[in-house]
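Colleague: Below are the sequence and a predicted model for it; my questions follow.
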Amino acid sequence: MTSATDPHAHPTATPDVPPQVPPAAPSAGPPPEKDKAPRWSLPALIAILVMAAVLYSWNLSGSSLNSFYSAAVLSGTESWKAWFFGSLDAGNFLTVDKPPLALMVMGLSCRILGYGTWQMMLPMVLVALATIWIVHASVKRVWGHGAATVAALVLALTPITVAINRDNNPDTLLVFLMAGGAALALRAVHNGRSLPLVGSAVCFGLAFNTKMLQGYIALPAVFAVYLYAAKPRLVKRILNLFLAGVALAVSSFWWAAAVSLVPADERPYIGGSTDGTAWDLIMGYNGLGRILGGEGNGGGRCSP
């Protein structure tokens with residue numbers, strides 16, 4: 001029998017023991033939502049929108065609309081040429097003194113639903129409600145639900161907002177496009193992508209085709225904020241702004257370019273211009289004339 005201390009004895013084989021693996025940590029479940037909406041947020045927004053809809057649409061038939069724009073909308077329901085040019089008459093003798101985008105929207109509504117006050121104003125009321133939603137969504141993304149609710153409420157109830165949204169002037173569509181442009185630019189600042197910035201430029205270009213240079217009021221500040229605060233490197237930011245500038249030019253000047261391609265004797269006289277062209281309206285009555293106090297020839301003048 002071999003002693004345990006015998007130097008010639010073979011060591012007893014020991015079974016392989018797998019290394020100890022620390023137990024897995026218990027699952028913590030899905031990560032908590034960073035910006036979970038409080039229960040009151042959505043009902044508050046819905047209440048604001050309902051209240052705004054009532055304010056903007058109550059007794060519209062008794063409100064005094066701009067007779068020039070009403071006539072242009074009616075002409076647009078009778079003639080597609082008048083609809084495109086924004087003519088005061090279906091015979092296309094003279095246009096209003098603004099580009100026709102807002103008239104196009106109201107004219108399409110009246111072509112579908114019939115000509116009347118509420119048919120004309122329905123798209124404007126919807127656009128006004130969409131503006132409130134855009135402002136709420138944009139403020140919420142940065143400052144939270146409380147600030148967004150206050151911003152939406154203030155916008156909805158400001159007296160001048162109620163006034164312009166009960167009128168067929170182009171300001172309702174103008175504000176909607178400018179708010180949309182600012183919201184898209186804010187998104188481009190946060191995510192660094194170029195597509196929202198291009199979308200912002202298109203919105204401002206369409207705003208230009210609603211009330212010309214007044215559509216550019218917020219544009220310098222919006223683009224300056226992007227240049228200063230957006231995530232991409234400086235060279236990329238400049239390139240993105242160049243692309244946005246191209247989109248802005250196309251969306252701003254497509255209507256004026258199309259008008260200029262039509263011979264003068266085949267198109268209506270552009271109201272507010274001195275030579276019957278859209279370019280003169282842009283540079284004169286609705287351009288430098290607004291800044292320097294000059295005026296156009298008065299043809300088709302509808303609003304200050």
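Modeller: Now that the structure is in, tell me what you want to look at. Numbering: from 1, shown residues only.

Colleague: Next, count neighbours for L101.
Modeller: 20 (other C-beta atoms under 10 Å). C-beta coordinates here come from the backbone N, C-alpha and C atoms, glycine included.

Colleague: what's the pLDDT at it?
Modeller: Per-residue confidence at L101 stands at 97 (pLDDT).

Colleague: Does the most centrally placed residue in the chain lie in a helix or a strand, and which?
Modeller: Geometric centre of the chain, nearest residue: G180, 2.0 Å, by C-alpha atoms, centre = their mean. In this structure, G180 is located in helix 171-191 according to DSSP states H and E.

Colleague: Buried residues in that helix, which are they?
Modeller: 171-189 (16 or more other C-beta atoms under 10 Å).

Colleague: now stretch 53-66
Modeller: A53, L55, Y56, S57, L60, L65, N66.

Colleague: now do stretch 101-110
Modeller: L101, A102, L103, M104, V105, M106, G107, S109, C110.

Colleague: Using TSV, lay out these together with distance to I134 and secondary structure.
Modeller: Below are those laid out as TSV (distance: C-beta to C-beta, whole Å; DSSP: H, G, I helix; E, B strand; the rest coil):
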residue	distance to I134	secondary structure
L101	18	helix
A102	18	helix
L103	23	helix
M104	21	helix
V105	17	helix
M106	20	helix
G107	24	helix
S109	21	helix
C110	25	helix
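
Colleague: Output these in TSV, with distance to T161 appended to each entry.
Modeller: Formatted as TSV, the buried residues of stretch 101-110 follow (distance: C-beta to C-beta, whole Å):
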residue	distance to T161
L101	20
A102	16
L103	21
M104	23
V105	19
M106	19
G107	24
S109	21
C110	24
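
Colleague: State whether S194 and A188 are indeed in contact, as I suppose.
Modeller: Yes: in this structure S194 lies within contact range of A188 using C-beta atoms under 8 Å: 7.2 Å.

Colleague: Could you name every residue contacting both of those two?
Modeller: N240 (C-beta atoms under 8 Å, 6 or more residues apart in numbering).

Colleague: Just the helices from this structure, written as ranges.
Modeller: Ranges of helices in the chain, per DSSP state H, are 41-57, 67-78, 80-85, 101-113, 117-143, 145-157, 159-165, 171-191, 195-211, 219-229, 234-261, 278-283, 289-292.

Colleague: quick one on the thing from earlier: which one of the buried residues of stretch 53-66 sits closest to Q119?
Modeller: L60 (10.2 Å; C-beta to C-beta).

Colleague: quick one, what contacts that closest one?
Modeller: By C-beta under 8 Å, 6+ apart, the neighbours of L60 are T117, W118, M121, R166.

Colleague: let's see it at 6 Å
Modeller: Counting by C-beta atoms under 6 Å, 6 or more residues apart in numbering, L60 touches T117, W118, M121.

Colleague: And the pLDDT at it?
Modeller: At L60, the predicted lDDT confidence score is 85.

Colleague: can you check L239 too?
Modeller: 96.

Colleague: how much space between it and A185?
Modeller: 16 Å (C-beta to C-beta, to the nearest Å).

Colleague: what do you get for I282?
Modeller: Taking C-beta to C-beta, one finds I282 at 23 Å from A185.

Colleague: and which of the buried residues of stretch 101-110 is nearest R233?
Modeller: Using C-beta to C-beta, the buried residues of stretch 101-110 come closest to R233 at L101, 36.1 Å.

Colleague: For that closest one, which residues are in contact?
Modeller: N209, T210.

Colleague: can you do 8 Å?
Modeller: P170, L173, L206, N209, T210, W255.

Colleague: how about those, which pair is most distant?
Modeller: Every pair of these checked by C-beta to C-beta; the farthest is L173 and W255, at 14.3 Å.

Colleague: mind checking how far V142 is from A182?
Modeller: 12 Å.

Colleague: show me the residues around G276 that make contact.
Modeller: Counting by C-beta under 8 Å, 6+ apart, G276 has contacts A264, Y269, I270.

Colleague: I'd like the residues you listed laid out as a markdown table, including neighbour count.
Modeller: Converted to a markdown table, the contacts of G276 look like this (neighbours: other C-beta atoms under 10 Å):
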| residue | neighbour count |
| --- | --- |
| A264 | 13 |
| Y269 | 19 |
| I270 | 31 |
